[in-house]
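Participant: Below is the sequence, then the predicted model.
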Amino acid sequence: MARVSTTAVKQEPAAPAGFGRPAVWTLVITSVAGFMAALDNLVVTTALPSIRADLGGGLSDLEWTVSAYTLTFAVLLMFGAALGDRFGRRRFFLAGLAVFTAGSAAAALAPTINWLIAARAVQGVGAAVMMPLTLTLLTAAVPAARRGMAFGIWSGVNGLAVASGPLIGGTLTEHLSWQWIFWLNVPTGLVLLPLARLRLSESRGAEARLDVVGTALVSSALFGIVFALIRGNADGWTSGPVLTGLIAGGALLVGFVRYELRVAHPMLPMRLFRSRAFSAVNAASLLMFLGMFGSIFLISQSLQGSGGYTPTEAGVRMLPWTGMPLIVAPLAGILSDRIGGRPIVATGLALQALGLAMFAAVAHAGGSYGAQVPSLVVCGIGMSLYFAPTANLVMASVRPQEQGIASGANNAMREVGGALGVAVLSSVFSARGGYGSAQHFTDGLVPALYVGAAAVGVAALCALLIPRRRTADRPEPAADPAGEARDLQSV
């Protein structure tokens, strides 16, 4: 019996110092699940020509292949967090993972473009339920003193997924087929489902009631706003559908805020925004994703169009940027445990803004890739420093029982920021350039990147508004490792 027991123990991953095996399993499961959900934001972009060749459809159909996922993901993030808090975070993490896996299989088997669009929407629903719960599950499993390291690893993996989507999508499409960008999720999901069932611990939020009206208001508001942002370039910013989405979405958002101020059990307590940390980190997240998403969208096209590289070659040349989170983010997470996240996030955002401005300064038709490498490295370091401590700052800015809602709100801000970034930077690009020639593309790329750099620069200023590290945001006592005792850093 002793030999059997020893063998069984050796099959489990070794626990780093300060981590128990349950925390390690939770970190592995939530990081892999988060990677899948984040990856599908941009993984389909380099496969669109092949999808059109196989399934047909016009430009608007291809846009919806991307947008269907972004819309459902952004709109339902807060609802997914609320469901987990109400009915059990592990239970709904499993449900979201199952829906995401099934949607991925349906997308890979799609016989028509409309089928693919519907399957992408199903993927987004699953990701919206699963993604915010990864952070709350991780927070409950990891001791407070080690959360910076854990969040650094989790954030680095997720940041890598977002930025490397075009590389992975291009490589699979070029060497296998576009269906494999979706098949990749299926075996991963099937492995994670039993592991999550066996290894994750169940937890719930403090409030037992589900805010159905608030959920409907904020979901409808985000749908209208994100829909308008995505369709603005294609339909025109003064077109009826776009104006309706912006106006109705804005009105519903105001209605949501007013309702949440009055209701006894709100899904997003407005008093959270009295925390300077919560408000500042969410503003920084929205602006960071605005600049980063829009810039990656255009730079990857620049490498393929102006540079003449294949999708795989373009993705490889983005690695000085996209590969950096694997190296820098865990180290930044460890450092944030010692000095706090504020200076690291602010420095990272400043470097990201500087890197985008450097790329714009050296970008010109026929320019060498070597001249662009320093700017890509600076962008990669800056992005890594931002991703690592941000999750910890979000979780530390609210009460432990409200961390699920805080996670959903922050992820929704990121998704809306990403949609806004693609829309805004593409509008600047279209106004000053186009696809007619390499020079024409560069004429639009340069001012768009400067706009992206400015947005991330403002995000750095927002990060400076986060309160300095104080007693309130130091690790909790060892007797309360799950962090359920008190409100952290409430301002």
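Facilitator: Yep, that arrived. Numbering: from 1, shown residues only.

Participant: how is this structure carved up into domains?
Facilitator: Domain assignment for the chain, taken from automatic domain parsing, gives 19-210+267-473, 211-266.

Participant: The ones you listed into JSON lines, with extra columns for mean neighbour count and mean pLDDT?
Facilitator: Any C-beta I mention is one placed from the backbone N, CA and C, and that applies to glycine too. Shown next, in JSON lines, are the domains of the chain (neighbours: other C-beta atoms under 10 Å; pLDDT from 0 to 100):
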{"stretch": "domain 19-210+267-473", "mean neighbour count": "22", "mean pLDDT": "79"}
{"stretch": "domain 211-266", "mean neighbour count": "18", "mean pLDDT": "84"}
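
Participant: hey, where'd the helices end up in the stretch 351-491 of the chain?
Facilitator: 373-396, 403-432, 438-464 (DSSP state H, counting those that start in this stretch).

Participant: quick one: which of the ones you listed is nearest Pro132?
Facilitator: Set against Pro132 and scored by C-beta to C-beta, the helices of the stretch 351-491 of the chain come closest in helix 403-432, at 4.0 Å.

Participant: so the closest one versus helix 373-396, what angle?
Facilitator: Between helix 403-432 and helix 373-396, the angle comes out at 150 degrees (axes from the mean of the first three to the mean of the last three C-alpha atoms, to 10 degrees).

Participant: which strands and helices sit next to helix 403-432?
Facilitator: Counting contacts by 3 or more C-beta pairs under 8 Å, 6 or more residues apart in numbering; DSSP states H and E, helix 403-432 packs against helix 59-87, helix 113-141, helix 212-235, helix 276-305, helix 373-396, helix 438-464.

Participant: Of all those, which one is nearest Val157?
Facilitator: Closest to Val157 of the helices and strands packed on helix 403-432 is helix 373-396 (C-beta to C-beta; 9.2 Å).

Participant: quick one on the thing from earlier: redo the helices of the stretch 351-491 of the chain as a markdown table? Include distance to Leu48.
Facilitator: Output for those, formatted as a markdown table (distance: least, C-beta to C-beta, whole Å):
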| stretch | distance to Leu48 |
| --- | --- |
| helix 373-396 | 24 |
| helix 403-432 | 14 |
| helix 438-464 | 18 |
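
Participant: nearest to Val218, of those?
Facilitator: Among the helices of the stretch 351-491 of the chain, helix 403-432 sits nearest to Val218 (C-beta to C-beta), with 8.3 Å.

Participant: how far does the closest one sit from the chain's center?
Facilitator: Between the centre of helix 403-432 and the centre of its chain there are 10 Å (C-alpha atoms, centre = their mean, to the nearest Å).

Participant: do stretch 303-311 as well
Facilitator: 26 Å.

Participant: before we move on, what about stretch 191-208?
Facilitator: That offset, for stretch 191-208, works out to 21 Å (C-alpha atoms, centre = their mean).

Participant: sorry, back to before: nearest to Val242, out of the helices of the stretch 351-491 of the chain?
Facilitator: Proximity to Val242 (C-beta to C-beta) singles out helix 403-432 among those, at 10.0 Å.

Participant: Kindly calculate the angle that the closest one makes with helix 113-141.
Facilitator: 140 degrees.

Participant: now the angle from helix 403-432 to helix 276-305?
Facilitator: Going by the same axes, to 10 degrees, helix 403-432 makes 40 degrees with helix 276-305.

Participant: and the gap between Val24 and Pro400?
Facilitator: Distance of Val24 to Pro400, given as C-beta to C-beta, to the nearest Å: 21 Å.

Participant: ok so, going back, Arg271 is nearest to which of the helices of the stretch 351-491 of the chain?
Facilitator: With C-beta to C-beta, the closest approach to Arg271 among the helices of the stretch 351-491 of the chain belongs to helix 403-432: 11.9 Å.

Participant: Now do the closest one against helix 59-87, angle only.
Facilitator: Relative orientation of helix 403-432 and helix 59-87, computed by the same axes, to 10 degrees: 160 degrees.

Participant: Wait, Ser397 touches Ala406, no?
Facilitator: Yes: counting by C-beta atoms under 8 Å, Ser397 touches Ala406, with 6.9 Å between them.

Participant: joint contacts of the two?
Facilitator: The contact sets of Ser397 and Ala406 overlap at 272, 278 (C-beta atoms under 8 Å, 6 or more residues apart in numbering).

Participant: For Ala353, find the nearest of the helices of the stretch 351-491 of the chain.
Facilitator: In terms of C-beta to C-beta, the element of the helices of the stretch 351-491 of the chain nearest to Ala353 is helix 438-464, at 4.0 Å.

Participant: That closest one packs against which elements?
Facilitator: Using 3+ C-beta pairs under 8 Å, 6+ apart, helix 438-464 is in contact with helix 276-305, helix 342-362, helix 403-432.

Participant: so can I have TSV of the ones you listed showing distance to Phe100?
Facilitator: Formatted as TSV, these follow (distance: least, C-beta to C-beta, whole Å):
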stretch	distance to Phe100
helix 276-305	21
helix 342-362	29
helix 403-432	15
